[in-house]
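> task: produce atomic coordinates for the following.
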Amino acid sequence: MPNFTNQIIRFRYLKFDHMYHCVPESVSSGLATLPVSYVYTNGIADTSQLTTKKLPTGEALNGSTIYAEHIFPFFTSNDITIEKTLNFAYSHLAIMYNQVSFWCYIYRVQVSKVALFSISIDLMYVLCLKTAFTGS
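Residues are numbered from 1 along each chain as shown. Take a look at the predicted model:
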């Protein structure tokens, strides 16, 4: 029975405390944009309540540094850095854009430049992940 009680307490915390203060995705959708400057209540910034921008241990919170130093290396099988991965991806973006444009022309597919760019970005992302995980 104590295990069930703990689960109810955790659920109540998530539903009534944690979710109440979640930041909207339009403000922050991952670690890179943390910390935020204000406390959020029901998706609205309360500009009268500044955040400490610190972890409970007192250390300054820098989401992009945490991701780069602790999370990204954990999920890759080699010592590639985020910078190398991004440089590789950006250097291949024009190639991807040209290839997608070419195949749309060949198959007579009408696609806007925005859609072409979006497709190219998606392909670049896949290439980027492949590079990060395999090193090739």
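
> okay, CA-based contacts and neighbour counts for the rest of this
Noted.

> wait, what's in contact with the spatially most central residue of the chain?
In the chain, the residue lying closest to the centroid (CA atoms, centre = their mean) is residue 30, at 4.4 Å. Applying CA atoms under 8 Å, 6 or more residues apart in numbering to residue 30 gives the contacts residue 63.

> any idea of the pLDDT on it?
Model confidence at residue 30, given as pLDDT, is 76.

> and residue 46, that one's in a helix?
No. Under DSSP: H, G, I helix; E, B strand; the rest coil, residue 46 sits outside any helix and is assigned strand.

> where exactly do the helices run in this structure?
Applying DSSP state H to the chain gives helices spanning 2-12, 63-66, 82-106, 113-134.

> domain-wise, how is this protein divided?
Domain assignment for the chain by automatic domain parsing gives 2-71, 77-134.

> lowest mean pLDDT across those, which one is that?
Lowest mean pLDDT within the domains of the chain: domain 77-134, a mean of 72.

> tell me how far that domain lies from the chain's centre.
With CA atoms, centre = their mean, to the nearest Å as the basis, domain 77-134 stands 18 Å off its chain's centre.

> go on, stretch 29-46?
Here stretch 29-46 is found 14 Å from its chain centre; the criterion is CA atoms, centre = their mean.

> what of stretch 40-57?
20 Å.

> buried set for that stretch?
Residues of stretch 40-57 classed as buried by neighbour count (16 or more other CA atoms under 10 Å): 40-41, 43, 45, 53.

> go on, stretch 66-78?
So, applying 16+ other CA under 10 Å, buried residues of stretch 66-78: 67-68, 72-73, 76.

> and stretch 96-108, by the same measure?
For stretch 96-108, by 16+ other CA under 10 Å, it's 96-97, 100-101.

> please identify which pair of the residues you listed lies farthest apart.
Spatial extent of the buried residues of stretch 96-108 (CA to CA) is set by the pair 96 and 101 at 8.5 Å.
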